[in-house]
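> Okay, predicted coordinates and the sequence, questions at the end:
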Amino acid sequence: MTEIKNDRYLRALLKQPVDYTPVWMMRQAGRYLPEYREVRAQAGDFMSLCRDADLASEVTLQPLRRFPLDAAILFSDILTIPDAMGLGLHFVAGEGPKFALPIQRKADVLNLPTPDPEGELQYVMNAVRQIRKDLQGEVPLIGFSGSPWTLATYMIEGGPSKAFTKIKKMMYAEPATLHLLLDKLADSVIDYLNAQIKAGAQSVMVFDTWGGVLTPKDYQDFSLQYMHKIVDGLIRENEGRRVPVTLFTKNGGMWLEKIVATGCDAVGLDWTINISDAKARVGDKVTLQGNMDPSILYASPERIRQEVGSILDDYGHDDTGHVFNLGHGIHLDVPPDNAGVFVDAVHELSKPYHKSSV
Ligand code: CP3
């Protein structure tokens with residue numbers, strides 16, 4: 001078993017006791033950090049940054065140099081898979097990700113290749129290997145992917161969307177075509193995450209950013225079913241340790257029990273659910289990750305500490321089972337010092353809630 005100096009994040013995911021609540025932030029590497037903006041300018045554009053293992057590792061480690069975070073997350077994007085399938089990913093300033101060749105009909109789905117993780121996506125695995133080397137065992141490395149449903153929204157809409165009319169039209173007019181796409185994506189995600197694990201990712205997280213726009217029945221059939229397939233297909237042990245899997249459906253609080261039934265180790269929560277209610281519903285079956293509204297990071301240090309304290313209090317006196325995080329990604333105009341206040345507050349204020357603390 002390879003040694004990890006601070007393994008509280010992995011221990012909490014496996015419901016083993018820890019002396020304080022581990023914390024990391026979704027999108028902890030990114031544009032709110034001036035040092036990120038500098039490296040990104042050097043790389044030229046976002047995808048060139050992702051494709052350069054040394055630079056991807058550098059920006060992964062930047063937030064860890066500033067803040068005592070308990071985990072690192074691979075610097076990459078969920079849209080690497082559709083890009084590797086040939087859809088032509090590019091980023092338009094102010095508009096976000098766009099695909100030159102969105103999926104429109106059944107033939108487009110039939111023609112989609114399954115990318116080879118050590119072929120077209122090898123740059124991601126090279127980044128994982130480089131980050132593991134550069135981390136020197138300080139904290140665990142998280143690998144990630146988008147959920148099939150969330151990837152399909154971008155592939156069919158051609159970019160970000162508010163109403164999701166194109167994918168919903170396919171869902172109701174041509175459900176078999178959408179299922180074919182989601183099943184292909186689930187297979188690609190399994191290959192991709194297993195390759196990340198073999199390359200050195202010590203836990204993995206599936207981002208289902210848009211599952212919450214579905215009806216309960218459609219969530220089950222078009223999103224959760226495929227995440228369940230992914231959980232079933234993942235390598236669950238590597239380097240002599242269990243590799244925990246976290247599922248995060250934004251706005252998915254009403255479906256917690258169903259998410260737990262996939263066999264995942266942890267569920268990510270956004271801020272629309274109280275963590276004490278979530279805990280009452282899932283018992284000790286899974287770890288909960290979350291769930292401060294990232295907008296609180298605009299507030300004063302006192303207000304940030306107060307919110308952290310109230311979430312810790314809601315989770316209660318329990319030695320394990322909570323990984324602190326924001327309920328979604330950090331906003332790009334948050335002052336970095338406020339992120340530092342947040343991380344320090346979690347460590348300091350959580351100690352009294354853990355028996356094993358001294
Ligand atoms: O968390 C981390 O620090 C790791 C890196 C990470 C990025 N994207 C880097 C990134 C992760 C985990 C993601 C996941 C991701 N990407 C999701 C799921 C999580 C979520 O936020 O819901 C989604 C939906 C995407 C798709 C995507 N990629 C969007 C909507 C954008 C923003 C576009 C924009 O210009 O605002 C991206 C680009 C992106 N991914 C950036 C970063 C740091 C910004 C790129 C830049 O530097 O210009």
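Ah, there it is.
> Please count neighbours and contacts with C-alpha atoms only from this point.
OK.
> any idea where the strands of the chain begin and end?
72-73, 89-92, 96-99, 141-146, 203-208, 237-238, 241-242, 245-249, 266-268, 287-292, 322-326 (DSSP state E).
> what lines up beside the fourth one in the sheet?
Which is strand 141-146. Using DSSP bridges, the strands paired with strand 141-146 are strand 72-73 (parallel), strand 203-208 (parallel).
> Which among those strands is found nearest to E118?
strand 203-208 (17.8 Å; Cα to Cα).
> Pull the distance from that closest one to the chain's centre.
Between the centre of strand 203-208 and the centre of its chain there are 4 Å (Cα atoms, centre = their mean, to the nearest Å).
> What average pLDDT does that strand get?
For strand 203-208, mean pLDDT rounds to 98.
> Against R242, how distant is the closest residue to G240 other than its chain neighbours?
Leaving aside its chain neighbours, G240 sits nearest to M1 (4.8 Å; criterion: Cα to Cα, 6 or more residues apart in numbering). Applying Cα to Cα, to the nearest Å, the value for M1 to R242 is 11 Å.
> Isn't S145 up against L193?
Yes: S145 is within contact range of L193, at 7.0 Å (criterion: Cα atoms under 8 Å).
> check contacts around S57.
S57 is in contact with L74, F75, A127, V128, Q130, I131, D134, counting by Cα atoms under 8 Å, 6 or more residues apart in numbering.
> Output the set of residues of the stretch 201-350 of the chain in proximity to the ligand.
Listed as neighbours of the ligand in the stretch 201-350 of the chain under the rule Cα under 6 Å from any ligand atom: F207, T209, G329.
> Which residues does stretch 225-242 contact?
1-2, 147-148, 182-183, 186-187, 189-190, 193-194, 197-198, 202, 206, 243-245, 247, 262-264.
> what pLDDT does the residue of the chain found nearest the ligand get?
Proximity of the chain to the ligand (Cα to the nearest ligand atom) peaks at R27, 2.9 Å away. Note for R27: predicted pLDDT of 98.
> ok, it - contacts?
R27 neighbours (Cα under 8 Å, 6+ apart): G329, I330.
> Equivalent analysis for N111, please.
Neighbours of N111 in contact, by Cα under 8 Å, 6+ apart: none.
> and the gap between it and L180?
Distance from N111 to L180, by Cα to Cα: 11 Å.
> before we move on, back to that, out of the strands of the chain, which gets the lowest mean score?
Minimum mean pLDDT among those: strand 89-92, a mean of 92.
> Is that one positioned near the ligand?
No: Strand 89-92 stays clear of the ligand (Cα under 6 Å from any ligand atom), getting no nearer than 6.6 Å.
> again, but for stretch 159-177
No: counting by Cα under 6 Å from any ligand atom, the ligand is not contacted by stretch 159-177; separation bottoms out at 6.8 Å.
> which intervals of the stretch 1-150 of the chain have sub-threshold pLDDT?
Residue ranges of the stretch 1-150 of the chain with pLDDT under 70: none are present.
> For the stretch 201-350 of the chain, which segments count as helices?
In the stretch 201-350 of the chain, the helices defined using DSSP state H, counting those that start in this stretch lie at 216-218, 225-233, 256-260, 275-282, 301-315, 336-350.
> so can I have CSV of these showing mean neighbour count and mean pLDDT?
Shown next, in CSV, are these (neighbours: other Cα atoms under 10 Å; pLDDT from 0 to 100):
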stretch, mean neighbour count, mean pLDDT
helix 216-218, 12, 98
helix 225-233, 20, 98
helix 256-260, 17, 98
helix 275-282, 16, 98
helix 301-315, 18, 98
helix 336-350, 19, 98
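> Make a markdown table out of those and add distance to P175.
Below are the helices of the stretch 201-350 of the chain laid out as a markdown table (distance: least, Cα to Cα, whole Å):
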| stretch | distance to P175 |
| --- | --- |
| helix 216-218 | 11 |
| helix 225-233 | 14 |
| helix 256-260 | 22 |
| helix 275-282 | 32 |
| helix 301-315 | 40 |
| helix 336-350 | 43 |
